[in-house]
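Novice: Sequence and predicted structure are below.
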Amino acid sequence: MSRQPRASGYFRTDYAEDLALLGTRLERVSASLFIIALLAFPLVASPFQLDLACQVFLASVGSLSLMLLTGYAGQISLGHAGLMAAGAFTVGILFRETNAPFWISLPAAALVGGVLGIVFGLPSLRLRGLYLAVSTLALHFVVVYLGGEYETRRGFSTGIVIDPPKLGGVPITDGRAWYFILLIAAAATLLLCLNLLRARTGRAWRAIRTHETVAEALGIGIAGYKLLAFVLSSAITAVAGALFAYYRGFVSVEAFSLFLTIQYVAMVIIGGMGSLLGALLGAAFVTVFPYIIEAGLLALPGAQRYAGVLFAVNYAAFGLVMILFLMLEPLGLVGIWHRVQNYLLLWPFKQRPVTGGRR
Amino acid sequence: MQLIVNIIVLAAIYALIACGYVLIYRVSRVMNLAHGELTMLGAYLLFTTASLFVGHPVTAIAAAVILSLVVGILVYVLLMRKMTGEMVLAAILATVALGILLRGLIVLFWSAAQQHPLQALRFSNPPIELVGGARISTCAALMVLMTILVYGALFAFLRFGRWGVRMRAAGQNPLLAAQRGVNLHSIYALAWGLSTLTGSIAGMLIALDSGLDQTMVIIGLKAFSPALVGGLDSLVGALVGSLIVAGAEVLAIHYVDPLLSDVVPFLVLIAMLIVRPWGLFGTREELDRV
């Protein structure tokens, strides 16, 4: 899957090796160390750090699904917050109206997301690029309007309060429990994406992104695969929204503004287009960024004066970082990471050999 | 009667903002999602100049208009110039990022509270009685007049002006235009300047009529719908689209539900995208450009 240069001495000799997620011993060791670190993290973390980690996992689920759609299938979507809102409101409405447990409302959210994915995806069969961006943007407003309408009609004008989900009769309120639940959700999403992408579906999506006409000439059913991308991505996004609703215990349309969409698109951009690692890095970066700004601002002298303008500073800094990434590092954080990797692999040489025809 | 007046005023607002989208799209094929923020910035500029030149409303307005033109040109020179030739998505996202940056900066400089440039300029805004008992505020009437004026000027400029012809040429075929000696960068910069200028005029008039706060961004975003309904590369289309969208919105507010006002433009937009994605007056080949 990776087109990065490898250390010498590693050659793939059969298809099984080519499909393996972790090819070398170094990869296996570092992956296990990373997993152990993730599992051990709640033992040492403060409640605030735990909450931050949970937010990163939630954002990862959303950004992975958007990466699937935009980074791999090449379909632009500006309706991500609308889909999350749909998932969250499915949970909220089911809880309020029927008191449904989470093992009903989570699949229901996925179902609603999938159906909305068809609605969002149908324009993509006719529209491309800019027009698709616009139509998904418009759908975002429609979904958010419907959610707001439900809130006002049923008298939850400030939002819907949801009880924590119960697992075997015990409500999940502990931060550590949530950490592991969201970690599992993020890991499951990552595995799903990895498996989709190294199989036929992923190859078809990449072909469509590279050149639609050629992909069609190769016998790939464009309409089917595009819709599949939308349906899968939307279903995962809706589940992310549903998890968000359970985690916060509260659903309100205010949480799903256009800014949320932009944040997710920013995760994909800042992380690096066309890379699952990028989606994860972007999610972590965008989630932690406001807290860094806040900490930096409060460390300045006369901190109290800045407290009122904090969100404005956040907005401005966020826009600035996005612009900087778009202009200076279009490949995103993954681009930087790959450059570091290259540097270490090629050391003491600076450049890759030009000849040989391998990229 | 009042309904018709409302529709015309809203259509004028939309048309004045929408022509900014059309100008930029027509010339450089970029969809400017920061237009709402630029519109708002224009209004805030007027607020500032009004408090700088107390007692000289004309100077204040002229200064604000010129400043907004400069802002538009600066946006191109500093930001969008770097994005020419990049992916469509990258250019759109650059405008989105610019919008967020502007929104943050505006709150930092002017605070999020509602401002009233009307008082700052010492103007009054008496309602005017029209035939049939309808009422229209002076600023709204001014808005309609301004829309007619701006569109007349733009049509004349694009049809007969030397730079207008160059703009159309750059929009039709950038490569050929460049080879015939048209300086694309200055054309694009001019398009951004003009677009910000017209948007700012709309923003100033809205602010004069009903005060100034962050919600103006939504109006700017809603005005994207008329631009697309009419066809993103057609000024006539923007006018017609504005009338359609404004009509639908005012009627929906009056007969169905006031909450619908933020959704109707997007519903019209979706309907249009399903039936005729390139808009009423747009050029069909646009679809395959991406």
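Specialist: Received the coordinates, thanks. Source: prediction; values computed, not measured.

Novice: So which residues of the stretch 101-250 of chain B form strands?
Specialist: For the stretch 101-250 of chain B, the strands defined by DSSP state E, counting those that start in this stretch occupy B:127-129, B:135-137.

Novice: actually chain A, not the one I typed
Specialist: Using DSSP state E, the strands of chain A run over A:160-161, A:166-167, A:170-171, A:250-251.

Novice: what about residue B:162, how many neighbours?
Specialist: 8 (other Cβ atoms under 10 Å in any protein chain shown). Where C-beta positions appear, they are placed from N, C-alpha and C, glycine not excepted.

Novice: Local confidence estimate at it?
Specialist: We have a pLDDT of 90 for residue B:162.

Novice: Just the element for the nearest residue to residue B:109 once chain neighbours are set aside, please.
Specialist: Among residues not flanking residue B:109 along the chain, residue B:44 sits closest, at 7.5 Å (Cβ to Cβ, 6 or more residues apart in numbering or on different chains). Residue B:44 belongs to helix B:35-52 when assigned by DSSP states H and E.

Novice: Can you pull the phi/psi pair for residue A:77?
Specialist: The phi and psi values for residue A:77, taken as degrees, to the nearest 10, are phi -140, psi 130.

Novice: and the nearest residue to it once chain neighbours are set aside, what does it touch?
Specialist: The shortest distance from residue A:77 to any non-neighbouring residue, by Cβ to Cβ, 6+ apart, is to residue A:136 (4.6 Å). Counting by Cβ atoms under 8 Å, 6 or more residues apart in numbering or on different chains, residue A:136 touches A:76-79, A:82, A:120, A:123.

Novice: Which of the strands of the stretch 101-250 of chain B has the lowest mean pLDDT?
Specialist: Across the strands of the stretch 101-250 of chain B, strand B:127-129 gives the lowest mean pLDDT, at a mean of 77.

Novice: Distance from the chain centre to it, please.
Specialist: 26 Å (Cα atoms, centre = their mean, to the nearest Å).

Novice: Parallel or antiparallel, which strands does it pair with?
Specialist: Looking at strand B:127-129 with DSSP bridges, its partner strands are strand B:135-137 (antiparallel).

Novice: what sits up against the partner strand?
Specialist: Strand B:135-137 has contacts (Cβ under 8 Å, 6+ apart) with B:2, B:5, B:9, B:125-130, B:209.

Novice: just those residues now: which is nearest chain A?
Specialist: Among the contacts of strand B:135-137, residue B:9 lies closest to chain A (Cβ to the nearest Cβ), at 22.6 Å.

Novice: for the closest residue to that closest one other than its chain neighbours, what are its contacts?
Specialist: Of all residues not flanking residue B:9 in the chain, residue B:140 sits nearest, at 4.5 Å (Cβ to Cβ, 6+ apart). Listed by Cβ under 8 Å, 6+ apart, the contact partners of residue B:140 are B:9, B:12, B:209.

Novice: Could you tell me which of those residues are located in helices?
Specialist: B:9, B:12, B:209 (DSSP state H).

Novice: Return the per-residue confidence for the closest residue to the last one other than its chain neighbours.
Specialist: Pointing back at residue B:209 there. Of all residues not flanking residue B:209 in the chain, residue B:139 sits nearest, at 3.9 Å (Cβ to Cβ, 6+ apart). Looking at residue B:139, its pLDDT stands at 84.

Novice: Distance-wise, check residue A:81 relative to chain B.
Specialist: 13 Å (Cβ to the nearest Cβ, to the nearest Å).

Novice: And for residue A:49?
Specialist: Counting by Cβ to the nearest Cβ, the gap from residue A:49 to chain B is 27 Å.

Novice: Contact partners for that residue?
Specialist: So residue A:49 contacts residue A:41 (Cβ under 8 Å, 6+ apart).

Novice: tell me the contacts of the nearest residue to residue B:223 once chain neighbours are set aside?
Specialist: Nearest residue to residue B:223, sequence neighbours excluded (Cβ to Cβ, 6+ apart): residue B:17, at 3.7 Å. Neighbouring residues of residue B:17 by Cβ under 8 Å, 6+ apart: B:35-36, B:39, B:198-199, B:202-203, B:219-220, B:223.

Novice: where does the stretch 51-200 of chain A dip in pLDDT?
Specialist: In the predicted model, the stretch 51-200 of chain A carries pLDDT under 70 at residues A:128-129.

Novice: interface residues of it facing chain B?
Specialist: Within the stretch 51-200 of chain A, the positions adjacent to chain B are A:70, A:76, A:123, A:126-131, A:133-135, A:137-139, A:141-142, A:145, A:148-149, A:152 by Cβ under 8 Å from any Cβ of the partner chain.

Novice: For PyMOL, write the selection for the buried entries among these.
Specialist: Here is the PyMOL selection string for the buried members of these, based on 16 or more other Cβ atoms under 10 Å in any protein chain shown:
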select buried, chain A and resi 70+76+123+127+128+129+130+131+133+134+135+137+138+139+141+142+145+148
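
Novice: Please narrow the residues of the stretch 51-200 of chain A next to chain B to those residing in helices.
Specialist: Using DSSP H, the subset of these located in helices is A:123, A:126, A:129-131, A:133-135, A:137-139, A:141-142, A:145, A:148-149, A:152.

Novice: Verify the contact between residue B:55 and residue B:121 for me.
Specialist: No. If you go by Cβ atoms under 8 Å, residue B:55 and residue B:121 don't touch, sitting 9.7 Å apart.

Novice: Can you list the low-confidence ranges for the stretch 251-359 of chain A?
Specialist: A:302-307, A:351-359.

Novice: Among the strands of the stretch 101-250 of chain B, show me which one is buried the most.
Specialist: Across the strands of the stretch 101-250 of chain B, averaging neighbours per residue (mean count of other Cβ atoms under 10 Å in any protein chain shown) puts strand B:135-137 on top, at a mean of 16.

Novice: how much distance is there from that strand to the middle of the chain?
Specialist: That offset, for strand B:135-137, works out to 22 Å (Cα atoms, centre = their mean).

Novice: Likewise for stretch A:247-255?
Specialist: A distance of 18 Å separates the C-alpha centroid of stretch A:247-255 from that of its chain, computed with Cα atoms, centre = their mean.

Novice: now stretch B:217-224
Specialist: On Cα atoms, centre = their mean, the centre of stretch B:217-224 falls 8 Å from the chain's centre.

Novice: Find the centremost residue of chain A, please.
Specialist: In chain A, the C-alpha nearest the mean C-alpha coordinate belongs to residue A:63, at 1.1 Å (Cα atoms, centre = their mean).

Novice: ok, it touching residue A:277?
Specialist: No. Using Cβ under 8 Å, residue A:63 is not in contact with residue A:277; the gap is 11.2 Å.

Novice: near chain B, which residues of the stretch 201-350 of chain A?
Specialist: Within reach of chain B by Cβ under 8 Å from any Cβ, the stretch 201-350 of chain A has these residues: A:258-259, A:262, A:265-266, A:269, A:309, A:311-320, A:322-323, A:326-327, A:330.

Novice: When you filter the residues you listed down to buried only, what's left?
Specialist: The neighbour count (16+ other Cβ under 10 Å) marks A:258, A:262, A:265-266, A:269, A:309, A:312-320, A:322-323, A:326-327 as buried among those.

Novice: all helices for the stretch 1-150 of chain B, in order.
Specialist: Listed in chain order, the helices of the stretch 1-150 of chain B (DSSP state H, counting those that start in this stretch) span B:2-28, B:35-52, B:57-75, B:81-83, B:88-110, B:117-121, B:138-160.

Novice: Check the stretch 251-359 of chain A too.
Specialist: With DSSP H, counting those that start in this stretch as the criterion, the stretch 251-359 of chain A has helices spanning A:258-271, A:276-299, A:303-306, A:310-328, A:332-346.

Novice: for the stretch 1-150 of chain B, which spans come out with low pLDDT?
Specialist: For the stretch 1-150 of chain B (pLDDT under 70), the answer is none.

Novice: Recalculate using a threshold of 90.
Specialist: B:1-6, B:25-33, B:46-61, B:79-94, B:96, B:103-104, B:106-142 (pLDDT under 90).

Novice: So which residues on it come close to chain A?
Specialist: B:31, B:79, B:82-83, B:86, B:88-90, B:92-94, B:96-105, B:107-108, B:112.
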